[in-house]
Every structure is written in structure tokens, then in C-alpha cells.
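Asks: sequence first, then the predicted structure, then my questions.
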Amino acid sequence: MQAKLFSTGFGGLLLVAGIMAHALMLVLAKGQTETTSTAAHLFVKRDKAEKLEPSAISVSRVMLTANQTSARYGIMDEIFNPGMKTLSHKHANHSETFIVLTGKMRWTVAGETDEIGPGDLVYIPPGHLTPGRSGW
């Protein structure tokens, strides 16, 4: 079964319900308020979103970029088919949050491995190696 994900961070993804909480954390961390933002409102249609390197095992769509949200967060919509593996990597300056909508994923963060399924999430702080697998 495919793993359908949303994630957030500058390059990550998140469900709509969690976007405001994540945005609030970033705003509080920067000492800014939403009223200081110069970002414009947007309506983004999934079928019109930019696709990043689509392949047989994954499709990533850029729904919002950090530039569009005054560097507060980015949102991507990703489908990871069974067999998808990410290379071990880390982000120095931003976190990632992945929420599984369907399917299952296995993530290893800071040496701890866990399986996450529908409604579960993994939060990956900056500086942590993050290999992930779908539908092993």
C-alpha cells in the first residue's frame, strides 16, 4: 500500500489541522506576529502544484514554499509507493514533520526506529539523520 504523506518545515509537510500550530511555534520562536507578515494569501490546486522529480516510487508536489510564507514554513504533498527509500540526510537549519495519511512508513531518527501509520507523525529536528522507508 502507498504511504500518503504531508510534511512541513522549510522543506517538509503537514496536515492542515497542524499547520497553524507549527506556524505559531515558528512565529513565537522568531518573536514575530502574523500581522508582521508580508506574505499574500494563496489558493493552491493540487493538480497545478509543481512536481519534483516524479518517479515510479514517489511523487512530491510543492504546495507552499518558505518564500510564500515569509520563511515560516513550507508544505509538500508526497506519495511514497512501496519500496521507496530516502537516502540518509540531515537539514542544518530546519525541522521536518511527516504525517501519514494512508499506508505505513518506517523512520529512523537519532538511532531510534519506529513504524508510523495513518494519523501518526514523526518530527525530525534540525541536524538529525533521517532515512525513511515505505511499504517494506
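Replies: Received the coordinates, thanks. Residues are numbered from 1 along each chain as shown.
Asks: contacts and neighbour counts: CA atoms only from here.
Replies: OK.
Asks: Thr65 touches Gly74, doesn't it?
Replies: Yes - between Thr65 and Gly74 there is a contact under C-alpha atoms under 8 Å: 4.5 Å.
Asks: of those two, who's got more company?
Replies: More neighbours surround Gly74 than the other of Thr65 and Gly74, with 25 against 19 (other C-alpha atoms under 10 Å).
Asks: please tell me how far the more buried one sits from Met105.
Replies: Going from Gly74 to Met105 by C-alpha to C-alpha, to the nearest Å gives 21 Å.
Asks: for Gly117, same thing?
Replies: 6 Å.
Asks: give me the more crowded residue out of these two.
Replies: Between Gly117 and Met105, counted using other C-alpha under 10 Å, Met105 has the larger neighbour count: 29 against 17.
Asks: test my guess that that one contacts Gly132.
Replies: Yes - between Met105 and Gly132 there is a contact under C-alpha under 8 Å: 7.0 Å.
Asks: okay, now Leu42: neighbour count?
Replies: Per other C-alpha under 10 Å, the neighbour tally for Leu42 reads 9.
Asks: typo on my end, Ile57
Replies: Counted with other C-alpha under 10 Å, residues neighbouring Ile57 total 14.
Asks: now it. Its backbone dihedrals?
Replies: With angles defined as degrees, to the nearest 10, Ile57 sits at phi -110, psi -10.
Asks: so it sits right up against Asn81, yeah?
Replies: Yes - under the criterion of C-alpha under 8 Å, Ile57 makes contact with Asn81 at 4.7 Å.
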